[in-house]
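> Below are the sequence and a predicted model for it; my questions follow.
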Amino acid sequence: MSQNTNPQVVIAGAGPAGMLLAYQLVTNGVPVRVLERHPDFEREFRGELIQPAALGPLEKLGILPLLVERKLALPNIERRLFVGKTRRVMVPGGKERGSLISQAGLLQLLHELCGRHPHYRLDFGTTALQAIRENGRVVALKTRKEGAESRVEGDLFVDCTGRNSGLRRDLGLEVDSHQVPADVVWLRFDLSDVPEAMPDTLDVHMFGKGVVLVFSPTTRSRLQVAYSAPGDLGSLRKNLPELRSRLLPLLPEKLRPHLEAKLDERTETQFLRVIVDRLARWHVPGMLFLGDAAHTMSPSGGQGLNVALRDSYVAANHLLDAIRAGQPVDERVFQKIQDERLPEADLIQGMQKRVHRMVMAPMFVEHAMFTLLGLVLKLAKKDTQGATQGSPPVEMRYGVPVSQLP
Ligand SMILES: Cc1cc2nc3c(=O)[nH]c(=O)nc-3n(C[C@H](O)[C@H](O)[C@H](O)COP(=O)(O)OP(=O)(O)OC[C@H]3O[C@@H](n4cnc5c(N)ncnc54)[C@H](O)[C@@H]3O)c2cc1C
């Protein structure tokens with residue numbers, strides 16, 4: 001790495017990991033260029049739950065209050081766990097309350113705040129195709145915008161392109177993957193005409209043999225419903241009669257008439273192949289991997305955003321430490337970031353794999369296992385939901401509050 005005192009950082013991917021890292025670097029005077037393949041932040045919709053462990057820094061920066069003010073965040077949401085429709089079991093880790101945050105809203109706000117600085121640039125509609133290496137070090141990215149290819153130069157590259165990162169594939173990095181037996185069909189309903197039907201908790205219902213349903217209120221009066229089951233859910237998503245016959249009998253009585261009326265070919269749906277994987281090494285010379293690009297999380301437990309945001313706090317700490325000290329931002333710095341983040345990613349992915357195995361059991365076994373797990377974790381005072389167990393709390397050393405921006 002250059003010993004440049006103010007290296008040009010290129011971040012591929014304007015998701016939560018990429019944009020929060022951009023915010024911390026830009027507000028500390030580091031020039032950043034972000035490349036995003038989509039034309040705006042209205043990407044495919046996502047779950048919106050952010051756990052308390054990642055919220056503290058957003059609160060401290062003044063970002064969470066701004067989102068609440070703009071009605072783009074619903075704070076203080078409890079996550080509840082049920083076996084079947086009604087038998088409530090303890091959420092492993094206890095009753096922490098998270099916030100539901102519009103991803104598009106969060107990313108747009110970070111973009112606006114970064115945009116107050118002349119050394120920030122974001123290129124929408126620009127796909128990072130390939131890492132160009134010279135003498136073994138990444139020195140540029142080959143990109144495509146509107147059919148034309150070009151080359152983006154920089155001193156330091158961060159891959160935040162999320163699951164299925166083409167950059168990491170292209171570099172031939174070693175990936176440890178875990179097969180998950182059930183995928184997810186994600187649906188989104190507009191309940192603005194029936195606000196009384198909108199739940200005020202995020203409820204997970206487990207029906208045995210891999211069938212899980214999640215109901216999540218989200219911002220802008222949208223209700224998200226995730227249906228997870230073994231089998232070909234990619235086809236199920238396109239087969240409306242079959243989807244209705246599987247889903248409707250499982251719905252809670254309060255929601256059923258509304259969703260029955262609204263579930264048709266116009267319903268927004270999305271298929272999610274559930275992946276749990278992790279890079280053996282989160283960096284190559286000149287390039288660091290963060291968020292889902294480094295460790296793709298399952299949606300189980302709503303931890304993907306949490307871990308991606310926490311990656312970016314830790315990465316900013318180490319990158320800015322080195323930059324401010326005039327030291328090279330090299331693989332030694334990248335390895336410190338990996339060393340600090342790996343235990344948490346490992347812990348949470350381990351928990352996700354266990355939960356995926358547990359939900360494959362018949363419902364009565366599932367009930368017994370989750371009751372037992374809840375009790376054991378309560379007795380042991382383990383905190384897994386907040387993602388702090390076994391790893392030190394994450395601090396944000398260089399967070400510049402919104403109130404101090406130009
Ligand atoms: C349907 C769905 C529901 C989910 N629900 C939840 C939930 O409720 N709670 C939770 O915590 N997590 C949830 N997750 C997981 C969570 O969204 C991810 O873990 C999290 O967004 C990871 O953040 P990231 O910044 O690493 O990657 P991403 O959010 O995936 O962002 C990657 C960005 O890179 C861009 N990109 C990709 N390839 C390129 C390229 N080659 N060049 C340029 N740009 C590129 C993408 O367009 C995207 O904007 C869900 C995921 C999905 C898919």
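Nice, I can see it.
> Contact partners for the closest residue to Val152 other than its chain neighbours?
Spatial nearest neighbour of Val152, excluding adjacent residues (CB to CB, 6 or more residues apart in numbering): Leu141 at 4.8 Å. All C-beta spots, glycine's among them, are computed from the backbone N, C-alpha and C. By CB atoms under 8 Å, 6 or more residues apart in numbering, the contact set of Leu141 is 10, 12, 35, 128-132, 151-152, 154, 157, 167.
> can you pull the contacts of the closest residue to the ligand within the stretch 101-250 of the chain?
Nearest residue of the stretch 101-250 of the chain to the ligand (CB to the nearest ligand atom) works out as Gly162 at 2.5 Å. The neighbourhood of Gly162, defined by CB under 8 Å, 6+ apart, consists of Gly13, Gly15, Gly291, Asp292, Ala293, Thr296.
> Give me the buried positions along stretch 146-159.
Residues of stretch 146-159 classed as buried by neighbour count (16 or more other CB atoms under 10 Å): Val152, Gly154, Asp155, Leu156, Phe157, Val158, Asp159.
> Tell me if I'm right that the fifth one and Gly13 touch.
Spelled out, it's Phe157. No - using CB atoms under 8 Å as the test, Phe157 is too far from Gly13 to be in contact (11.0 Å).
> gap between Gln338 and Glu331?
As judged by CB to CB, to the nearest Å, Gln338 and Glu331 stand 10 Å apart.
> now do Pro343
Counting by CB to CB, the gap between Pro343 and Glu331 amounts to 20 Å.
> and these two? which has more neighbours close in?
Glu331 (18 against 13; other CB atoms under 10 Å).
> mind listing what Glu146 touches?
Gly125.
> mind checking how far it is from Ala315?
Using CB to CB, Glu146 is found at 31 Å from Ala315.
> circling back: would CSV of the contacts of Leu141 with secondary structure, pLDDT and distance to Leu377 be doable?
Below are the contacts of Leu141 laid out as CSV (DSSP: H, G, I helix; E, B strand; the rest coil; pLDDT from 0 to 100; distance: CB to CB, whole Å):
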residue, secondary structure, pLDDT, distance to Leu377
Val10, strand, 98, 42
Ala12, strand, 98, 38
Leu35, strand, 98, 41
Ala128, strand, 98, 40
Leu129, strand, 97, 44
Gln130, strand, 97, 44
Ala131, strand, 97, 41
Ile132, strand, 97, 47
Arg151, strand, 97, 50
Val152, strand, 98, 46
Gly154, coil, 97, 44
Phe157, strand, 98, 39
Leu167, helix, 96, 37
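> Export those to TSV and append columns for distance to Met358.
What follows is the contacts of Leu141, written out as TSV (distance: CB to CB, whole Å):
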residue	distance to Met358
Val10	41
Ala12	36
Leu35	40
Ala128	38
Leu129	40
Gln130	40
Ala131	39
Ile132	45
Arg151	48
Val152	45
Gly154	44
Phe157	39
Leu167	34
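> For the ligand, tell me which of these show up nearby.
Applying CB under 6 Å from any ligand atom, the subset of these adjacent to the ligand comprises Ala12, Leu35, Ala128.
> List the contacts of the first one.
Meaning Ala12. Applying CB under 8 Å, 6+ apart to Ala12 gives the contacts Gly18, Val34, Leu35, Ala128, Leu141, Phe157, Val158, Asp159, Cys160, Thr161, Leu167.
> coming back round to it: what touches both of Gln338 and Glu331?
His283.
> What residues does the stretch 101-250 of the chain have near the ligand?
Contact residues (CB under 6 Å from any ligand atom) of the stretch 101-250 of the chain with the ligand: Thr127, Ala128, Cys160, Thr161, Gly162, Arg163, Gly166, Trp186.
> So which of these is surrounded by the most neighbours?
Cys160 (32 neighbours).
> Would you mind naming what in the stretch 251-400 of the chain lies close to the ligand?
Going by CB under 6 Å from any ligand atom, the residues of the stretch 251-400 of the chain near the ligand are 270, 272, 291-293, 297, 299, 302-306, 308.
> Among those, name the buried ones.
Leu272, Gly291, Asp292, Ala293, Met297, Pro299, Gly302, Gln303, Gly304, Leu305, Asn306, Ala308.
> wait, isn't the fifth one in contact with Gln303?
What that stands for is Met297. Yes - the criterion here is CB under 8 Å, and Met297 meets it with Gln303 at 5.6 Å.
> For Val225, give me the pLDDT.
You'll see Val225 listed with a pLDDT of 96.
> Okay, and it sits in which element?
Using DSSP states H and E, Val225 falls within strand 222-230.
> likewise Arg341?
Counting by DSSP H and E, Arg341 is found in helix 331-358.
> Which positions within that helix qualify as buried?
Buried, per 16+ other CB under 10 Å, within helix 331-358: 331, 333-334, 336-338, 340-341, 344-345, 347-349, 351-353, 355-356.
> In terms of secondary structure, what does the longest strand along the chain contact?
The strand that spans the most residues within the chain, counting by DSSP state E, is strand 73-83. Packing contacts for strand 73-83, counted by 3 or more CB pairs under 8 Å, 6 or more residues apart in numbering; DSSP states H and E, involve helix 63-69, strand 87-89, strand 97-101, strand 201-206, helix 363-379.
> Now do the fourth one, average pLDDT.
Mean pLDDT, strand 201-206: 93.
> May I have the strands that pair with that strand, each with its orientation?
Next to strand 201-206 in the sheet, as set by DSSP bridges, lie strand 73-83 (parallel), strand 212-217 (antiparallel).
> quick one: the last one to helix 331-358, angle?
So that's strand 212-217. 120 degrees (axes from the mean of the first three to the mean of the last three CA atoms, to 10 degrees).
> Tell me which residues are up against strand 212-217.
47-49, 74, 77, 100, 182, 198-207, 223-229, 247, 250-252, 255, 359.
> Run the angle between it and helix 363-379 for me.
On the basis of the same axes, to 10 degrees, strand 212-217 is oriented at 60 degrees to helix 363-379.
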